[in-house]
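Colleague: please work out how this folds:
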Amino acid sequence: GGVSVSVPNNWRQVNEGNSVWFVPEGAYGQYNGQAVYTHGVSFGVAQTNSRNLQSASQELINNLAQGNNNLRSSGGFQRTTMSGRTALYATLSNTNEATGRPENIRVITTQLRNGQLFYMIAVAPQSERNFENAFQQVMQSVRISD
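Modeller: Below is the predicted model:
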């Protein structure tokens, strides 16, 4: 199986560990020896302890929050679909480590047939709402075949 996705032409692919990022030029770099992103989307697969979508999604968010005291949830999960599957999304707020600016993070999750959690994370500064349409188009373009 695999995943296909369409992203804007001026975004580039950056592979990092178990995930892949698609980001506009100049929207990523290094800060304190770690990769940081100011805008873009990341896709990955997480092994969780739960086969329940909401529990597994919360586990992913808890893991993201470890070591990041600025990450805050702005409400619970909302239902959506991704690649024709039941999915959940949550909106988080954060202060970007590199820029010090507030940012919005949207986490969208769905489960794969093997029980793993497939996720998309979209990041943009709070002041830049124009990325919302791009993120929505990217999410709608996702095709999962497992």
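
Colleague: burial count for N94?
Modeller: A count of nearby residues for N94, using other C-beta atoms under 10 Å, gives 19. The C-beta positions use only the backbone N, C-alpha and C, and glycine is treated the same way.

Colleague: hey, what's it bridged with?
Modeller: Per DSSP bridges, the residues bridged to N94 are E103.

Colleague: now the helices for this structure?
Modeller: Applying DSSP state H to the chain gives helices spanning 53-65, 131-141.

Colleague: dump those helices to CSV, plus distance to R85.
Modeller: Below are the helices of the chain laid out as CSV (distance: least, C-beta to C-beta, whole Å):
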stretch, distance to R85
helix 53-65, 9
helix 131-141, 12
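
Colleague: tell me, what residue is most central in this protein?
Modeller: Geometric centre of the chain, nearest residue: I121, 0.6 Å, by C-alpha atoms, centre = their mean.

Colleague: returning to that earlier point: out of the helices of the chain, which gets nearest to S83?
Modeller: Judged by C-beta to C-beta, the one of these that comes nearest to S83 is helix 131-141, at 9.2 Å.
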